[in-house]
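*Asks:* With the sequence up front, the predicted model follows.
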Amino acid sequence: MTTSTTPPASRQLSVERSQRLRFTRWLLRSLGELFVTRTAMKLTISGLENVPRTGPTIILFNHVTLLDPIVVALAVNFRDMIPLAKVELTRNPLMAWVVWAWDAIPVRRGEVDRVALRRAVEAIQSKDMLMVAPEGHRQKDGMRDPKEGVVLLAGRTGAVMVPVGVSGTENFWRNLFHLRRTPVTAIFGRPFRLCEGTMRKQYAQAAHEIMYRIAPLVTPNLRGEYADLSRATMDTIEMV
């Protein structure tokens with residue numbers, strides 16, 4: 001017979017946090033669907049069959065506007081995603097509440113944030129999925145300059161990666177000003193993983209190969225440095 005070594009008070013806090021998260025995520029999802037994806041957008045989603053129902057998973061998306069992670073998170077209703085969020089968002093009272101309510105992971109950009117790295121690994125190994133923009137921040141002029149952090153996470157966890165291309169959010173605010181709904185598409189591509197034996201010196205190449213998996217899923221005007229799809233390689237990644 002085995003007994004738990006977790007103190008009763010800690011178990012109670014864990015249960016209360018889990019209950020709180022179920023409610024606050026439900027609230028945010030409901031508000032997002034009501035005011036964004038059903039009212040202000042005409043959202044078209046495809047490829048959801050490519051999202052694993054279980055197992056370590058990283059969702060990768062192109063990042064043009066603040067709405068992109070919202071669209072991606074709302075597109076999947078059978079499994080929650082935990083996004084990485086720049087720590088600057090927590091300085092805004094409203095966004096700080098959203099980060100807390102969804103349990104997003106604040107990241108200090110431009111430095112090695114070991115707390116964020118640990119939490120990201122824990123998220124990948126949980127029942128939820130991690131959601132990451134490989135570029136690390138918004139790129140209004142098209143996809144470019146991916147960071148190696150997502151490759152590091154994939155290498156440490158062996159997670160399956162699912163690319164998502166979001167198109168149309170770049171027109172959202174202009175259309176909203178004119179009281180028009182914005183057509184937005186979210187396309188989930190085929191999952192892949194980092195090849196076994198990929199070395200640290202190959203991480204930069206892997207980051208670019210990941211971007212080429214996202215590029216075909218967005219409209220040509222958003223592909224940036226990855227517009228020429230014939231240059232795509234798969235030396236460090238393999239399809240699942």
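*Replies:* The structure has been received and is ready for your questions.

*Asks:* In contact with residue 218, which residues?
*Replies:* 62, 143, 165, 166, 167, 187 (C-beta atoms under 8 Å, 6 or more residues apart in numbering). Just so you know, the C-beta spots here come from the backbone N, C-alpha and C atoms, and that holds for glycine as well.

*Asks:* So which of the residues you listed are in strands?
*Replies:* 165, 166, 167, 187 (DSSP state E).

*Asks:* quick one: the closest residue to the third one other than its chain neighbours and residue 111, what's the gap?
*Replies:* Closest residue to residue 167 in three dimensions, ignoring its sequence neighbours and counting by C-beta to C-beta, 6 or more residues apart in numbering: residue 219, at 4.4 Å. Between residue 219 and residue 111 the computed distance is 34 Å (C-beta to C-beta, to the nearest Å).

*Asks:* Can you tell me how far the residue nearest to residue 167 is from residue 171?
*Replies:* 11 Å.

*Asks:* ok, residue 146 to residue 236 distance?
*Replies:* 13 Å.

*Asks:* Residue 35 now?
*Replies:* Applying C-beta to C-beta to residue 35 and residue 236 gives a distance of 40 Å.

*Asks:* just residue 15 next, same as before
*Replies:* 41 Å.

*Asks:* Those two - which one has more neighbours?
*Replies:* Between residue 15 and residue 236, residue 236 has the larger neighbour count (other C-beta atoms under 10 Å), namely 22 against 10.

*Asks:* Was I right to think the more buried one contacts residue 202?
*Replies:* Yes - the criterion here is C-beta atoms under 8 Å, and residue 236 meets it with residue 202 at 5.2 Å.

*Asks:* any idea which helix is longest in the chain?
*Replies:* Longest helix in the chain by number of residues (criterion: DSSP state H): helix 8-32.

*Asks:* where does the closest residue to residue 170 other than its chain neighbours land in three-state SS?
*Replies:* Sequence neighbours aside, residue 64 is the residue nearest to residue 170 in space, at 5.1 Å (criterion: C-beta to C-beta, 6+ apart). The assignment at residue 64 comes out as coil when based on DSSP: H, G, I helix; E, B strand; the rest coil.

*Asks:* and residue 64, how far is that from residue 133?
*Replies:* 10 Å.

*Asks:* Could you do residue 97 as well?
*Replies:* Distance from residue 97 to residue 133, by C-beta to C-beta: 21 Å.
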